[in-house]
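Chemist: Fold the stuff below for me.
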Amino acid sequence: MLKITYERMQTHHKIIVGNSQQMPELEDGSIHLMVTSPPYPMIAMWDDLFRSVDPKIAKLWQKLVADGDEAAVRQIYILMHDYLGKVWAETYRVLCDGGIACINIGDATRSIGGKFQLFPNHVHITENCEKIGFTTLPYILWKKPTNKPSYKGKGAFLGSGFLPPNAYVTLDCEFILLFRKGRLRKFEPHQKERYNSAFSKQERDEWFSQIWAFKGTRQTASEIERRTAAYPDEIAERLIRMFSVKGDMVLDPFLGSGTTTKVAMLTERNSIGYEMDENLLPLIAKKIGCTAANQAITKIIKR
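Modeler: Numbers count the residues shown, from 1 in each chain. Okay, here's the model as predicted:
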């Protein structure tokens, strides 16, 4: 096998404070990989965010609270995914041919108006991305061993103890949905960045299996930090190394606490991240501060 070695490359990173439904800073086909974990529709901690970005959601929510209108629940849920769908469409525009989109999303369970139900977020995102033009690839299940079924209200168990039939299955997995734009990426023979980005057989065998089992990132008591829903560095590292080569441009349209930027720096990829909440900038700066010393150039741009 041809092996090429070279000095650690300098990388460039931008963080843009703004809404990623429109990314005018990016040209068509300029991104090689998108890795993100968006706000999860129908998870309570993101209710305020969705209400703030879409007046229709805010109005329907008032109707739901006032009248208990079950039809409003469905409308709210669809509008939340319509909001995310505009980001997926813009991501499709900026991805290169053969570029990959990785979306970490969890389904939601919730009781509204006394009715308990599942909101299958992974289904709606898949349907929306296919309508946009993405090709759906086999997904990954991230099994999070943080909540264990238990009894008498302790832990994640939902239902009637040991008595059938009114218990519910515990949601202990999230989805990492994978999509491709167009056909496979093409490379020149023996392209050095690609060969220097190779993973080991052990990494390949573990990473390209469908179930990943490791703990989520521990969150602090801060409401801001909880809302970032940070996934572990290991998820970002695996996805970036699986689906990009050194020197590629990685996009995160929901940057949150800055995990994708940090890992892109460490893995010698360039990156651009979008985040609407300016209050997260100190948290992002703290996370990438020690990493930025790796001769990476970082810019924060406020629209």
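
Chemist: who touches stretch 19-26?
Modeler: Stretch 19-26 is contacted by residues 14, 16, 53, 83, 86-87, 90, 94, 251, 253-254, 272, 274, 276, 301 when judged by CB atoms under 8 Å, 6 or more residues apart in numbering. Any C-beta I mention is one placed from the backbone N, CA and C, and that applies to glycine too.

Chemist: same question for that stretch, mean pLDDT?
Modeler: Mean per-residue pLDDT for stretch 19-26: 96.

Chemist: Residue 300 - how many residues pack around it?
Modeler: Neighbours of residue 300 under the rule other CB atoms under 10 Å: 15.

Chemist: pLDDT score for it?
Modeler: Listed pLDDT for residue 300 reads 84.

Chemist: so where's the stretch 1-150 of the chain uncertain?
Modeler: Scanning the stretch 1-150 of the chain for pLDDT under 70 picks out 1-8, 145-150.

Chemist: again, only this time at 80
Modeler: For the stretch 1-150 of the chain, the stretches flagged by pLDDT under 80 are 1-8, 68-70, 113-114, 145-150.

Chemist: do you know how far residue 75 is from residue 56?
Modeler: Distance of residue 75 to residue 56, computed by CB to CB, to the nearest Å: 8 Å.

Chemist: about what we covered before: mind checking which of the contacts of stretch 19-26 are buried?
Modeler: Among those, those scoring as buried are 14, 16, 53, 83, 87, 90, 94, 251, 253-254, 272, 274, 276 (criterion: 16 or more other CB atoms under 10 Å).

Chemist: before we move on, back to that, which ones among the contacts of stretch 19-26 lie within strands?
Modeler: Mapping the contacts of stretch 19-26 onto strands (DSSP state E) picks out 14, 16, 251, 272, 274, 301.

Chemist: residues touching the first one, list them.
Modeler: In other words, residue 14. Residue 14 makes contacts with 25, 271-273, 298-301, as judged by CB under 8 Å, 6+ apart.

Chemist: run the last query once more with 7 Å
Modeler: 272, 299, 301 (CB atoms under 7 Å, 6 or more residues apart in numbering).

Chemist: Which residues does the second one form beta bridges with?
Modeler: So the one you mean is residue 299. On the basis of DSSP bridges, residue 299 is bridged to residue 14.

Chemist: Burial check on it, number of neighbours?
Modeler: 10.

Chemist: distance of it from residue 29?
Modeler: According to CB to CB, residue 299 and residue 29 sit 22 Å apart.

Chemist: swap in residue 239?
Modeler: With distances taken as CB to CB, residue 239 is found 20 Å from residue 29.

Chemist: What separation do you get for residue 257 and residue 53?
Modeler: Taken as CB to CB, the span from residue 257 to residue 53 is 19 Å.

Chemist: and the contacts of residue 14 as CSV, adding distance to residue 167?
Modeler: Formatted as CSV, those follow (distance: CB to CB, whole Å):
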residue, distance to residue 167
272, 45
299, 51
301, 50
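
Chemist: Out of these, the closest to residue 280 would be?
Modeler: If you rank these by distance to residue 280 using CB to CB, residue 301 comes first, at 14.5 Å.

Chemist: Who's the closest spatial neighbour of that closest one, skipping the chain neighbours?
Modeler: Using CB to CB, 6 or more residues apart in numbering and skipping the chain neighbours, the partner closest in space to residue 301 is residue 16 (4.9 Å).

Chemist: now residue 32
Modeler: residue 248 (3.8 Å).

Chemist: picking that back up, looking at the ones in strands among the contacts of stretch 19-26, point me to the pair that's furthest apart.
Modeler: 251 and 301, at 14.4 Å, using CB to CB across those.

Chemist: List the neighbouring strands of the host helix or strand of residue 97 plus their orientation.
Modeler: Using DSSP states H and E, residue 97 maps to strand 95-105. Its sheet considered, strand 95-105 pairs with strand 31-36 (parallel), strand 173-180 (antiparallel) by DSSP bridges.

Chemist: For the last one, the averaged confidence score.
Modeler: It stands for strand 173-180. 97.

Chemist: same deal with stretch 202-209?
Modeler: Across stretch 202-209, pLDDT averages out at 96.

Chemist: and what of stretch 279-288?
Modeler: For stretch 279-288, the mean per-residue pLDDT is 90.

Chemist: ok now stretch 44-64, how far from the chain's centre?
Modeler: 21 Å (CA atoms, centre = their mean, to the nearest Å).

Chemist: Please save the CA atoms from it in PDB.
Modeler: Extracted C-alpha coordinates of stretch 44-64, given in PDB (Å, rounded to 0.1, in the frame of the first residue of the first chain):
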ATOM      1  CA  ALA A  44     -39.500  20.300  25.700                       C
ATOM      2  CA  MET A  45     -36.200  22.000  26.100                       C
ATOM      3  CA  TRP A  46     -36.400  23.200  22.400                       C
ATOM      4  CA  ASP A  47     -40.000  24.400  22.500                       C
ATOM      5  CA  ASP A  48     -39.000  28.000  23.000                       C
ATOM      6  CA  LEU A  49     -36.500  27.900  20.200                       C
ATOM      7  CA  PHE A  50     -39.000  26.700  17.700                       C
ATOM      8  CA  ARG A  51     -41.600  29.200  18.900                       C
ATOM      9  CA  SER A  52     -39.100  32.000  18.500                       C
ATOM     10  CA  VAL A  53     -38.100  31.100  14.900                       C
ATOM     11  CA  ASP A  54     -41.600  30.500  13.500                       C
ATOM     12  CA  PRO A  55     -44.600  32.800  14.500                       C
ATOM     13  CA  LYS A  56     -46.900  30.100  13.200                       C
ATOM     14  CA  ILE A  57     -45.600  27.600  15.800                       C
ATOM     15  CA  ALA A  58     -46.000  30.200  18.500                       C
ATOM     16  CA  LYS A  59     -49.600  31.000  17.500                       C
ATOM     17  CA  LEU A  60     -50.500  27.300  17.300                       C
ATOM     18  CA  TRP A  61     -48.900  26.700  20.700                       C
ATOM     19  CA  GLN A  62     -51.100  29.300  22.300                       C
ATOM     20  CA  LYS A  63     -54.100  27.600  20.700                       C
ATOM     21  CA  LEU A  64     -53.000  24.300  22.100                       C
END
